[in-house]
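*Asks:* Need coordinates for the below:
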Amino acid sequence: NEVLFTQSALHEPFGEQIYARVKDLGLPVTELSGDRLPVLRGGDERETYRRAKRTLAVVTAPPSMMQLQPIPPSADYQFHLAQGCPAHCQYCYLAGSLSGPPVTRVYANLPDILKNLEHYRQPGKPTTFEASCYTDPLALEHLTGSLSTCIMHFENSEGMNLRWVSKFDNVDPLLHLQHGGHTRPRLSLNAQPVTQRLEGGTASLEARLAALRKLALPRSEGGGGYPIGVVIAPIMPIENWQEHYRHLLHRIEETLNFPCDLTFELISHRFTAKSKELLESWYPNSSLDMNEETRAKKRNAFGGLKFVYTKEMMIELRNFFETELDRRFPKAKILYWT
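*Replies:* This is a model prediction of the structure:
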């Protein structure tokens, strides 16, 4: 593993904080002479993938990052404290949406990024900002402290709410933070066979459930007192899927056996031709089903083509989850199905 710092990142006070954290952890650091990252390409896509995944680059976000994009139905806007993720999910949604080798880039000018959010505040109603479209912020928190910085920023931001989601469990540093209820952490959970087979390098399902409980428990009981969410994604009709997903919902029910502010987001598996090609080069022995012949085609908001489950399967999956969640979590809100 290697951490690269561009010159611009080293000149940012927040970049200096990341530098100190990384040094304290004993990780090898390379200070680049300029702002251009070295070419990390290997002999083939798999070698390029391995080299890139072992590299963390601390850079400054370009001006284009300050032009926020809406991201319905998850939030009003997305913003980025990093791009890339250290996990090895074989269905990775970032494949094909980020260009070049999958290096994780962390932004050293985070205070400027947070200050820029003020321009997007919507008058008269809360504005929600999603911080995990292009990364898993909790996976990087021990290296950067970026997520804690965001939570504390939003605590003092009236009318602005932060949302992030993770497949990791190192939530202890977040439990003591003042958040004012303005941050909703969500844990990404899935059926045990999916988690075991397809989500390499992430926390186990049990560890994620324990983290979810810690975040939701009241402060008086040693928890974070956060409003929380569960993202069930990507939902897949694997063999005996009803049984596996019932077991998952039962475990969530057991974990959250106290009153809490809880939401659900339900996302079925989909892929594009470009992401399929890239994922198959990264994970040639994957058991992930990406058979285009058994899928329906759908255009996204930008005109691109993606492969989704058939209408009949989508109805069956959706009915199952909505019925089960309504029975088990009558006070929880399902934000969307997609």
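
*Asks:* For the protein, which helix extends over the most residues?
*Replies:* helix 311-328 (DSSP state H).

*Asks:* So which residues lie in contact with that one, not counting its own?
*Replies:* For helix 311-328, the external contacting residues (CB atoms under 8 Å, 6 or more residues apart in numbering) are 232, 235, 237, 242, 245-246, 249-250, 252-253, 264, 266, 268, 296, 308-309, 332, 334, 337. Quick note: C-beta positions are derived from backbone N, CA and C, even for glycine.

*Asks:* all strands of the stretch 101-250 of the chain, in order?
*Replies:* Under the criterion DSSP state E, counting those that start in this stretch, strands of the stretch 101-250 of the chain are mapped to 104-107, 127-130, 160-166, 183-189, 199-200, 228-235.

*Asks:* tilt between the last one and helix 311-328?
*Replies:* For strand 228-235 and helix 311-328, the angle between their directions (axes from the mean of the first three to the mean of the last three CA atoms, to 10 degrees) works out to 150 degrees.

*Asks:* Buried residues of strand 228-235, list them for me.
*Replies:* 228-235 (16 or more other CB atoms under 10 Å).

*Asks:* Adding distance to Leu117 and pLDDT, write the residues you listed out as JSON lines.
*Replies:* JSON lines is the format used below for the buried residues of strand 228-235 (distance: CB to CB, whole Å; pLDDT from 0 to 100):
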{"residue": "Ile228", "distance to Leu117": "22", "pLDDT": "98"}
{"residue": "Gly229", "distance to Leu117": "20", "pLDDT": "98"}
{"residue": "Val230", "distance to Leu117": "25", "pLDDT": "98"}
{"residue": "Val231", "distance to Leu117": "22", "pLDDT": "98"}
{"residue": "Ile232", "distance to Leu117": "28", "pLDDT": "98"}
{"residue": "Ala233", "distance to Leu117": "25", "pLDDT": "98"}
{"residue": "Pro234", "distance to Leu117": "29", "pLDDT": "98"}
{"residue": "Ile235", "distance to Leu117": "31", "pLDDT": "98"}
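
*Asks:* Pull the most distant pair out of those residues.
*Replies:* Ile228 and Pro234 (20.2 Å; CB to CB).

*Asks:* worst-scoring helix or strand of the chain, pLDDT-wise?
*Replies:* One helix or strand of the chain scores below all others by mean pLDDT, DSSP states H and E: helix 45-53, with a mean of 89.

*Asks:* same for it, what does it pack against?
*Replies:* Packing partners of helix 45-53 (3 or more CB pairs under 8 Å, 6 or more residues apart in numbering; DSSP states H and E): helix 273-282.

*Asks:* Using PDB, write out the CA atom coordinates for the next helix or strand after the helix it packs on.
*Replies:* On the C-terminal side of helix 273-282, the closest following helix or strand by DSSP states H and E is strand 296-299. Only the C-alpha atoms of strand 296-299 are listed here, as PDB (Å, rounded to 0.1, in the frame of the first residue of the first chain):
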ATOM      1  CA  ALA A 296     -34.600  -6.000 -19.600                       C
ATOM      2  CA  LYS A 297     -33.100  -2.900 -21.100                       C
ATOM      3  CA  LYS A 298     -33.700   0.600 -19.600                       C
ATOM      4  CA  ARG A 299     -32.400   4.100 -20.500                       C
END
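
*Asks:* who's in contact with strand 296-299?
*Replies:* With contacts defined as CB under 8 Å, 6+ apart, strand 296-299 is touched by 270, 305-311.

*Asks:* Good, wrapping up.
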